[in-house]
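Enquirer: Output the structure for:
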Amino acid sequence: MSDNAHSDRPDEGFHYSEKDVQREVTELQGKSATAARIFDLRRIIGGLFVLYGVIVTITGITDSKAAIDKAQGVNINLWTGIGMLLLGIFFLVWLRLRPTPPPVPPEGLPEEREGE
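Expert: Numbering: from 1, shown residues only. Predicted structure coming up:
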């Protein structure tokens, strides 16, 4: 075997500066924050409740007299659809008013920048 294959220093050949590491960490945090906003459960739950609420509300509006009589005179599809719509809108408004907070910068970063 050659001397280059094995070395006493395991990190030889990898030359990452502190700036490279910090830049990579910052990029990963940005991607993580973006993913958190995209896959926020409030968006998914709110969207599904609005979608299903529209479908059930339309079903309730078009229900026959026999279907309403089956539910003891209550248009259950209409009321359930309206409730689902309101819940879905609540989740979406909540998402708009209280978005996910930005990621917290790693500790020690401001001190390192002062020295630059």
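
Enquirer: burial measure for residue 18, as a count.
Expert: For residue 18, the neighbour count with other Cβ atoms under 10 Å is 8. Bear in mind the C-beta positions are built from the backbone N, C-alpha and C, glycine included.

Enquirer: What of residue 15?
Expert: Residue 15 has 7 neighbours, counted by other Cβ under 10 Å.

Enquirer: what does residue 76 give?
Expert: By other Cβ under 10 Å, 16 other residues sit near residue 76.

Enquirer: Now for this protein, the helix or strand with the poorest mean pLDDT.
Expert: The least trusted helix or strand in the chain, going by mean pLDDT, DSSP states H and E, turns out to be helix 109-114, with a mean of 53.

Enquirer: Quickly note the distance from residue 69 to residue 97.
Expert: Remark: distance between residue 69 and residue 97 (Cβ to Cβ, to the nearest Å) = 42 Å.

Enquirer: same check, this time on residue 73
Expert: Residue 73 is 38 Å from residue 97, by Cβ to Cβ.

Enquirer: what do you get for residue 64?
Expert: 40 Å.

Enquirer: got it, and residue 52?
Expert: From residue 52 to residue 97 the distance is 23 Å (Cβ to Cβ).

Enquirer: more crowded one of the two?
Expert: Between residue 52 and residue 97, counting by other Cβ under 10 Å, residue 52 is the more crowded of the two (15 against 7).

Enquirer: Excluding chain neighbours, what is closest to that one?
Expert: The shortest distance from residue 52 to any non-neighbouring residue, by Cβ to Cβ, 6 or more residues apart in numbering, is to residue 84 (5.6 Å).

Enquirer: Name the secondary structure element that contains that neighbour.
Expert: Taking DSSP states H and E as the criterion, residue 84 maps to helix 76-97.

Enquirer: Now do the same for that helix: mean pLDDT, whole number.
Expert: For helix 76-97, mean pLDDT is 95.

Enquirer: What lies in contact with that helix?
Expert: In this structure, residues lying in contact with helix 76-97 by Cβ atoms under 8 Å, 6 or more residues apart in numbering are 40, 42-43, 45-61, 63, 67.

Enquirer: Okay, buried residues for that helix please.
Expert: Going by neighbour count (16 or more other Cβ atoms under 10 Å), the buried part of helix 76-97 is 76, 77, 78, 80, 81, 84, 85, 88, 91, 92, 95.
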